[in-house]
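**Student:** Predicted model follows, preceded by the sequence.
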Amino acid sequence: MVAILIPALLLAFFAGMESAFLYSDKIRLEIDSQIPSFFNRLLKRLTLNPDFFNVTMQVGYILSLVTLGIVMAGQFRPFFEEMVESRWLAETGLVLFIALAVLVAGEFLPRTLVRISPNSLLLFFSLPLIFFYYLLSPASALVIRMVRRIQRLSQKGNVTDDEHDKVFSRNDLGNFVGTEDPEPVKEREEVDKEVILFRNALDFSKVKLRDIMVPRNEIAVLDINSDVETLRNKFVETGYSRILFYEGNKDNIVGYVHTSAIFQKARQIKPFLKNVLIVPETMAANQMLSRFIREHRSIALVVDEFGGTAGLVTTEDILEEIFGEIEDEHDTNDFTGRKINEKQFVLSGRFEIDALREKYNLDIPESDEYETLAGFILHHYESIPKVNTTLRIGDMSFKILKATLTKIELVHLTVLDN
């Protein structure tokens, strides 16, 4: 029985370690390998050359598989020959039995179980791994040389024997920033900002202008026929550095004026009017940023599919998508929230759902149908509720504290007891 158990365990070991390396978080492996400890030094040596490691595991797997097959055939052949008179049926049954045993014990179980914690298992088994790594290295080196020789002959290209540089894929980066860190909470909080920044940078290519623009009803605009005094008051009132101008209606934006115009003793607005970029709301934010840089611009008008004004986007809006909120002397606290206690909050309607979930740990479902708290309420209520109206959605109660005819501005949220 021992003669079967040893190659069976080795078969499971090599199959499991090969899969553990495949499913492991490569960035976490690289970080762990830099920690000064004996086992981490072993892990670093093992992962220096991923191709060599994988070939070594495959060589060990094949040797264990052949050994296990021979031993099991010798042990169980008499049993099958006694059960079945036909030699052909006995041999067939023996082969099927061995194949099933190998499939379960040497493939399915180890390759499935290692997915639970592949990085931890690689570190735990680093000592036997390094032993077999060097023990089987001559055979592994021979296999790699043969493969590369075949590649040269078939591809007629230059395939070097140098070790591959470590290159992390987008999935590796995404897995790294998306997984929970097992470190203590205090230590994890120190790197939360860096992880969020990393995650934002990875997701940046998916962001559309409609996701980050200032909506139409919050754009500061003036009629092109307005006088300079009206413009000056608008700058003071809003704190913005640029004001848009329209002719006829807000869907016909003709340009914008920078705040520097009021310091040049302007008597008319039109001489200081600058053209504004017009872009579709489906445009990617990274493309918009590239265009801003290329054309030395910092503001663009976002239009919908019908050509109507949908919103406004600036360089700051785009950068905030990566780096988080960028505060300046003109920023206000309109879009913040306040926690009263563990179950009650006063929140702005503009508060984004993902920010609410992250900051206050509120279980508000995310959806493509809405992005903000106001959008979530409207998605269920389908109209602008009046002030002091109380709504219940799921296990939460929403009391409207402030609202206009066109938007929900302030909400009192209460988490209800189940």
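**Tutor:** Here it is on my side, so go on.
**Student:** Could you tell me how many residues sit around S348?
**Tutor:** Applying other CB atoms under 10 Å, we find 20 residues neighbouring S348. Yep, even glycine has a C-beta here, placed from its N, CA and C like the rest.
**Student:** I figured it hits K407, correct?
**Tutor:** No - using CB atoms under 8 Å, S348 is not in contact with K407; the gap is 10.6 Å.
**Student:** which stretches of the stretch 151-300 of the chain form strands?
**Tutor:** For the stretch 151-300 of the chain, strands defined by DSSP state E, counting those that start in this stretch occupy the ranges 214-215, 221-223, 242-246, 253-258, 277-280, 299-303.
**Student:** Determine the longest helix present in the chain.
**Tutor:** With secondary structure taken from DSSP state H, the chain has its longest helix at helix 50-83.
**Student:** so what secondary structure elements neighbour it?
**Tutor:** In terms of contacts (3 or more CB pairs under 8 Å, 6 or more residues apart in numbering; DSSP states H and E), helix 50-83 is packed against helix 2-23, helix 87-102, helix 126-135, helix 137-155.
**Student:** That helix to helix 87-102, inter-axis angle?
**Tutor:** 140 degrees (axes from the mean of the first three to the mean of the last three CA atoms, to 10 degrees).
**Student:** Helix 50-83: how far from the chain's middle?
**Tutor:** 41 Å (CA atoms, centre = their mean, to the nearest Å).
**Student:** cool, stretch 211-230 as well?
**Tutor:** Here stretch 211-230 is found 35 Å from its chain centre; the criterion is CA atoms, centre = their mean.
**Student:** Then stretch 395-410?
**Tutor:** On CA atoms, centre = their mean, the centre of stretch 395-410 falls 32 Å from the chain's centre.
**Student:** quick one: buried residues of it?
**Tutor:** By 16 or more other CB atoms under 10 Å, the buried positions in stretch 395-410 come out as M396, S397, F398, K399, I400, A403, K407, I408, L410.
**Student:** As a markdown table, those residues with secondary structure and distance to I130 would be great.
**Tutor:** A markdown table is the format used below for the buried residues of stretch 395-410 (DSSP: H, G, I helix; E, B strand; the rest coil; distance: CB to CB, whole Å):
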| residue | secondary structure | distance to I130 |
| --- | --- | --- |
| M396 | strand | 54 |
| S397 | strand | 60 |
| F398 | strand | 59 |
| K399 | strand | 63 |
| I400 | strand | 65 |
| A403 | strand | 66 |
| K407 | coil | 63 |
| I408 | strand | 62 |
| L410 | strand | 62 |
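**Student:** Out of the residues you listed, which comes closest to N233?
**Tutor:** K407 (23.4 Å; CB to CB).
**Student:** gap between that closest one and F292?
**Tutor:** 28 Å (CB to CB, to the nearest Å).
**Student:** Residue ranges in the chain under the pLDDT threshold?
**Tutor:** For the chain, the stretches with pLDDT under 70 are 31-34, 155-200, 202, 263, 265-266, 324-336, 418.
**Student:** How is it partitioned into domains?
**Tutor:** 2-155, 170-205, 209-323, 337-415 (automatic domain parsing).
**Student:** Which strands or helices does the host helix or strand of L42 pack on?
**Tutor:** Element membership for L42, per DSSP states H and E: helix 38-46. Judged by 3+ CB pairs under 8 Å, 6+ apart, the packing partners of helix 38-46 are helix 26-33, helix 118-124, helix 126-135.
**Student:** Can you add distance to I278 and give the buried residues of stretch 395-410 back as TSV?
**Tutor:** What follows is the buried residues of stretch 395-410, written out as TSV (distance: CB to CB, whole Å):
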residue	distance to I278
M396	40
S397	42
F398	37
K399	40
I400	35
A403	31
K407	24
I408	29
L410	33
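**Student:** Which among the helices and strands packed on helix 50-83 is found nearest to T315?
**Tutor:** Proximity to T315, assessed across the helices and strands packed on helix 50-83 by CB to CB, is greatest for helix 2-23 (40.4 Å).
**Student:** what is the orientation angle of the closest one with helix 38-46?
**Tutor:** Using the same axes, to 10 degrees, the direction of helix 2-23 lies 80 degrees away from that of helix 38-46.
**Student:** related to what we said a few turns ago, closest to T92 out of the strands of the stretch 151-300 of the chain?
**Tutor:** With CB to CB, the closest approach to T92 among the strands of the stretch 151-300 of the chain belongs to strand 277-280: 66.3 Å.
**Student:** Other residues contacting the closest one?
**Tutor:** Strand 277-280 has contacts (CB atoms under 8 Å, 6 or more residues apart in numbering) with 209, 253, 288, 291, 295, 297, 299-305, 313.
**Student:** Give the buried subset of those as a PyMOL selection command.
**Tutor:** Selection of the buried residues among these in PyMOL, burial being defined by 16+ other CB under 10 Å:
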select buried, resi 209+253+288+297+299+300+301+302+303+313
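**Student:** neighbours around the spatially closest residue to A3 that is not a sequence neighbour, how many?
**Tutor:** Of all residues not flanking A3 in the chain, V71 sits nearest, at 5.0 Å (CB to CB, 6 or more residues apart in numbering). The local packing of V71 (other CB under 10 Å) involves 18 other residues.
**Student:** separation between V71 and G307?
**Tutor:** V71 is 77 Å from G307, by CB to CB.
**Student:** again, but for A261
**Tutor:** 28 Å.
**Student:** Return the residues in contact with the residue nearest to G255 when sequence neighbours are not counted.
**Tutor:** The spatial neighbour of G255 that comes closest, neighbours along the chain excluded (CB to CB, 6+ apart), is L273 at 4.2 Å. With contact set as CB under 8 Å, 6+ apart, L273 has these partners: I224, F245, V254, G255, Y256, V257.
**Student:** so what's the fifth one bridging to?
**Tutor:** Read that as Y256. Y256 has the following beta-bridge partners by DSSP bridges: L244, K274.
**Student:** Quick one: residues contacting it.
**Tutor:** Here Y256 is in contact with R242, I243, L244, F245, L273, K274, V276, I299 (criterion: CB under 8 Å, 6+ apart).
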